[in-house]
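Participant: give me coordinates for this.
(one chain, ligands or ions: 1)
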Amino acid sequence: MDHWVIHIPSGPLHVETGRYSGTPLDQRLCNVCNGGQIEDEFHFLCICINYQELRERLYQEIIKRNDMFITYENEEKFKEILKYHQFPLMKYLKSAWEARKVILFNSSV
Ligand SMILES: [Zn+2]
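Facilitator: Prediction:
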């Protein structure tokens, strides 16, 4: 996966940690939403329902600069964000990463 322009900072997603623990790729699922999808960068940024509110804010920022954005498919959105909207992306990642920690921590106690 060398096409990520930005590697999601501040900690590995399950798609990464599963590589070290030997978990097969199709079992590296998102434990945040339990939606049965692999927790990779795409899921984290564009899909996971738990970050819906943060994502709305991110998309609003981007739509101000590109009003076609709303018409894009998720995969196009993902590429557009990584390429052209790095500042709002960093804000999203910071908040989403915090939210992820809280959810995973709370659900494990
Ligand atoms: Zn998820």
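Participant: residue ranges of the helices in the protein, please?
Facilitator: Assigned by DSSP state H, the helices in the chain fall at 14-21, 41-42, 52-65, 74-84, 86-107.
Participant: need the ones you listed in a markdown table (columns: mean neighbour count, mean pLDDT and distance to the ion).
Facilitator: Where you see a C-beta, it was placed from the backbone N, CA and C, and this is true even at glycine. Shown next, in a markdown table, are those (neighbours: other CB atoms under 10 Å; pLDDT from 0 to 100; distance: least, CB to the ion, whole Å):
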| stretch | mean neighbour count | mean pLDDT | distance to the ion |
| --- | --- | --- | --- |
| helix 14-21 | 15 | 88 | 9 |
| helix 41-42 | 18 | 93 | 11 |
| helix 52-65 | 15 | 97 | 10 |
| helix 74-84 | 15 | 95 | 13 |
| helix 86-107 | 15 | 89 | 9 |
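Participant: out of those, flag the one nearest N34.
Facilitator: Among the helices of the chain, the nearest to N34 by CB to CB is helix 86-107 (9.2 Å).
Participant: list of residues touching stretch 19-36?
Facilitator: Stretch 19-36 is contacted from outside by 14-15, 17-18, 37-40, 43-44, 47-50, 100, 103-104, 107, using CB atoms under 8 Å, 6 or more residues apart in numbering.
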